[in-house]
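[1] Any chance you can model this:
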Amino acid sequence: MTLLERTSRTINALVEKVLFVIGAAICIILFAQVVFRYAGASLGWSEEVSRHLLVAITFLGGTVAYKRASFIGLKGFGHKLGPTIQQAIVVGLQVLTLACFGLIAWFGAAYTVKAAEHTSSSLQIPMAIPFAVIPIASVIFVLHVLADMARTLEGKTP
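    Sure thing, here's the model as predicted:
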């Protein structure tokens, strides 16, 4: 196993643990919000924190779904054309995917830097903190795609 593949798997395992913690945090925060609201006091920050955590789950969960190959794919599209054509199609799709996530990482980082000037409404934290998940997740996607490309070019199935 290459260093790239080991890094991809290690980061994926870490992200899976982070997703579990974020999911549990959302459940606890929303449950506390219901209890406090029923008691007559509302947690003003709970909705904002839950929203930011849900966005983080969406982006980071996408990286895990990609790593587990849980997305709808075009596998078998070039199967009837032979293994060489099929490998070329897979590599072409991986290059397009790499370009897409590279652009998202680039523009996500620029957007995160611009968002540092603004603060969130109830927490009063820089909006760069919740927006940072966009370039972080995109870089993780790029790592996973590069690991898949390396495997494909070695002749192994991604």
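
[2] State the three-state secondary structure for residue 121.
    coil (DSSP: H, G, I helix; E, B strand; the rest coil).

[3] Identify the residues contacting the spatially closest residue to it that is not a sequence neighbour.
    Nearest residue to residue 121, sequence neighbours excluded (Cβ to Cβ, 6 or more residues apart in numbering): residue 48, at 6.5 Å. (Glycine included, C-beta is placed from N, CA and C.) Shown in contact with residue 48 (Cβ atoms under 8 Å, 6 or more residues apart in numbering): 120, 121, 122, 123.

[4] Need the max-distance pair from the residues you listed.
    Spatial extent of the contacts of residue 48 (Cβ to Cβ) is set by the pair 121 and 123 at 7.7 Å.

[5] which of the residues in stretch 91-108 are buried?
    For stretch 91-108, the neighbour count (16 or more other Cβ atoms under 10 Å) marks 93, 94, 97, 98, 101, 104, 105, 108 as buried.

[6] next helix or strand past the helix or strand of the chain with the lowest mean pLDDT?
    Least confident helix or strand, the chain: helix 83-115 with a mean of 91, by mean pLDDT, DSSP states H and E. On the C-terminal side of helix 83-115, the closest following helix or strand by DSSP states H and E is helix 128-131.

[7] Low-confidence ranges, this structure, go.
    70-79, 156-158 (pLDDT under 70).

[8] run the last query once more with 80
    The chain contains residues with pLDDT under 80 at 1, 70-83, 155-158.

[9] what residue lies at the spatial centre of this structure?
    Closest residue to the average C-alpha location of the chain: residue 60 at 2.8 Å, with Cα atoms, centre = their mean.

[10] list the buried ones in the helix or strand where residue 148 lies?
    In the assignment (DSSP H and E), residue 148 maps to helix 133-153. Buried positions in helix 133-153, judged by neighbour count with 16+ other Cβ under 10 Å: 133-152.

[11] Contacts for it next, please.
    2, 4-5, 7-8, 11-12, 15, 55-56, 59-60, 62-63, 66-67, 87, 90-91, 94-95, 97-98, 101-102, 104-106, 108-109, 111-112, 157-158.
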